[in-house]
Each structure stands twice: as C-alpha cells, then as structure tokens.
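Engineer: Got a predicted model here, sequence first, then my questions.
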Amino acid sequence: MVEVKICVGSSCHLKGAPEVVEKFKSLIKEKELEDTINLKASFCQNNCTAGVNITIDGTKISNVSGNEVEKIIDQKILGEIVNENT
C-alpha cells in the first residue's frame, strides 16, 4: 500500500490543503484505489514556503494544487505515462 501524507498545517492549509485532500479522496474513490493508497494528514513537513506539501512513501512533492492531484496519482503512484495533449 502506498502511503500519501498531505500537510494540513497552517501554511499549507492557507495554500489549499483542504482542496488537495478532497481531490485525493474523490479520485481514490473514483479510481477504486482504496486498497492501494493510504491517505493521511500530517502537520508541518518543514517546507512551508513551498506548500502544499505531500509525501508519497517518504518522497516529498511541493507546491501541489488540487489541479495536479490526478496527474500525481497517475504518474507517481500508478506509474502511468500521461499524455498532456489529450
């Protein structure tokens, strides 16, 4: 199971963490990934100026917005190549 931690500390919260959390939740359900992704909230990931910060199995990704969540799931978790032109 892949562990995804989303920072919900005050700085990331102000930069859109609630939207990122909701987008992950809806896509996990839509793509039937409940048995693949373990979604967790965390507090400060020590990179506040570059939030929203997430980690996927310990690998940090910064400046995440709700619009990028599907691409992150497809590329970083499912390992799919996403064609940007489609």
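Structural biologist: Structure received. Owing to the predicted nature of the structure, the values given are computational and were not obtained by experimental measurement. Residues are numbered from 1 along each chain as shown.

Engineer: Tell me if I am right that residue 52 is in a helix.
Structural biologist: No - using DSSP: H, G, I helix; E, B strand; the rest coil, the assignment for residue 52 is coil, not a helix.

Engineer: Strands of the protein, residue ranges please.
Structural biologist: Here the chain has its strands, by DSSP state E, at 2-7, 37-42, 54-56, 59-61.

Engineer: name the helices or strands packed onto the third one?
Structural biologist: Using 3 or more Cβ pairs under 8 Å, 6 or more residues apart in numbering; DSSP states H and E as the contact criterion, the neighbours of strand 54-56 among helices and strands are strand 2-7, strand 59-61. No exception for glycine: its C-beta is placed from N, CA and C like everyone else's.

Engineer: how about a markdown table for the strands of the chain, with mean neighbour count and distance to residue 29 added?
Structural biologist: Shown next, in a markdown table, are the strands of the chain (neighbours: other Cβ atoms under 10 Å; distance: least, Cβ to Cβ, whole Å):
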| stretch | mean neighbour count | distance to residue 29 |
| --- | --- | --- |
| strand 2-7 | 19 | 14 |
| strand 37-42 | 14 | 10 |
| strand 54-56 | 19 | 18 |
| strand 59-61 | 12 | 21 |
